[in-house]
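>>> Task: produce atomic coordinates for the following.
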Amino acid sequence: MTADLTLLTLNAATIGFIHTAIGPDHYVPFIVMARARRWSFVKTAGITFACGIGHVASSVLLGMLGYALGANLKRLEWIESFRGEIAAWALIIFGALYAAWGLWRLGRKGPDGHTHDHLIRLHASDHVHDPKTGAEISLTPWILFAIFVFGPCEPLIPLFIYPAATSGWAGAWLVTSAFSVATIGTMLGVVLGAHYGLQWVPGQKFARYNHVLAGGTIALTGGVIRIFGL
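Presented below is the predicted three-dimensional model:
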């Protein structure tokens with residue numbers, strides 16, 4: 001491995017870390033949804049990891065296709081920017097709808113004045129049923145996954161194309177792997193660290209508002225990404 005490729009690989013890992021750390025959309029949705037839906041540590045890690053893979057893989061596939069077709073770098077970056085707009089709006093819409101569902105849920109009162117979850121499930125929920133087994137399939141992780149597939153890794157396109165042009169596919173995959181590991185590793189570190197830390201924060205007083213707060217936070221995160229282009 002040449003000195004230039006070594007430096008580029010280290011830079012890719014650094015950029016992956018910074019890109020993830022300054023982008024709240026990479027971890028806030030998982031933190032608040034895990035809190036609201038009481039996901040286990042393992043489930044939270046699995047969903048975050050899967051979404052991270054989809055997030056990186058979509059940009060890798062775009063970079064591969066663009067390089068193979070000889071597409072102009074500026075055109076690829078425009079596509080990534082457009083995907084970013086879609087992902088930001090998707091977060092805003094999903095968060096707003098989830099918060100609205102949370103408010104509706106608060107309004108469903110039983111005769112004793114308390115919210116009855118079994119009444120909620122009869123009328124509105126975030127799951128579907130497997131047509132064969134009848135088992136519940138939660139839609140929330142799949143919605144997050146779809147949003148993250150649309151969400152671009154803007155720095156990855158030039159990081160992929162440059163080593164592909166100068167060092168071949170092996171160099172491109174090395175740099176891409178460094179970026180991907182740093183990105184997904186940072187996502188997991190922040191999300192799981194917050195998941196563990198929040199277990200020690202008393203929240204019973206506001207527990208009934210968890211869904212509303214989660215949805216509002218996700219929508220706000222999408223708005224921040226949309227306005228500041230993080």
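
>>> Can you give the contact residues for stretch 46-65?
26-27, 30, 39, 71, 76, 79-80, 83, 141, 144-145, 148-154, 156-157, 160-161, 164, 176, 179-180, 183-184, 187-188, 191-192 (C-beta atoms under 8 Å, 6 or more residues apart in numbering). C-betas here are computed from N, CA, C, even on glycine.

>>> among those residues, which are in helices?
30, 76, 79-80, 83, 141, 144-145, 148-150, 156-157, 160-161, 164, 176, 179-180, 183-184, 187-188, 191-192 (DSSP state H).

>>> Please convert the buried members of the residues you listed into ChimeraX selection syntax.
Filtering those down to the buried ones (16 or more other C-beta atoms under 10 Å) takes a single ChimeraX command:
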select :30,76,79,80,83,141,144,148,149,150,156,157,160,161,164,176,179,180,183,184,187,188,191,192
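
>>> Flag every buried residue along stretch 61-73.
Taking 16+ other C-beta under 10 Å as the criterion, stretch 61-73 shows 62-64, 66-67, 71 as buried.

>>> Closest one of these to G171?
Y67 (12.1 Å; C-beta to C-beta).

>>> pretty sure that closest one contacts P163?
No. Applying C-beta atoms under 8 Å as the test, Y67 and P163 come out as separate, 10.4 Å apart.

>>> circling back to that earlier point, which ones among the buried residues of stretch 61-73 lie within helices?
If you go by DSSP H, the buried residues of stretch 61-73 have 62-64, 66-67 in helices.

>>> Among these, which one sits closest to A214?
Closest to A214 out of these is L62 (30.4 Å), distances taken as C-beta to C-beta.

>>> circling back to that earlier point, could you pull out the residues contacting both of Y67 and P163?
A172.
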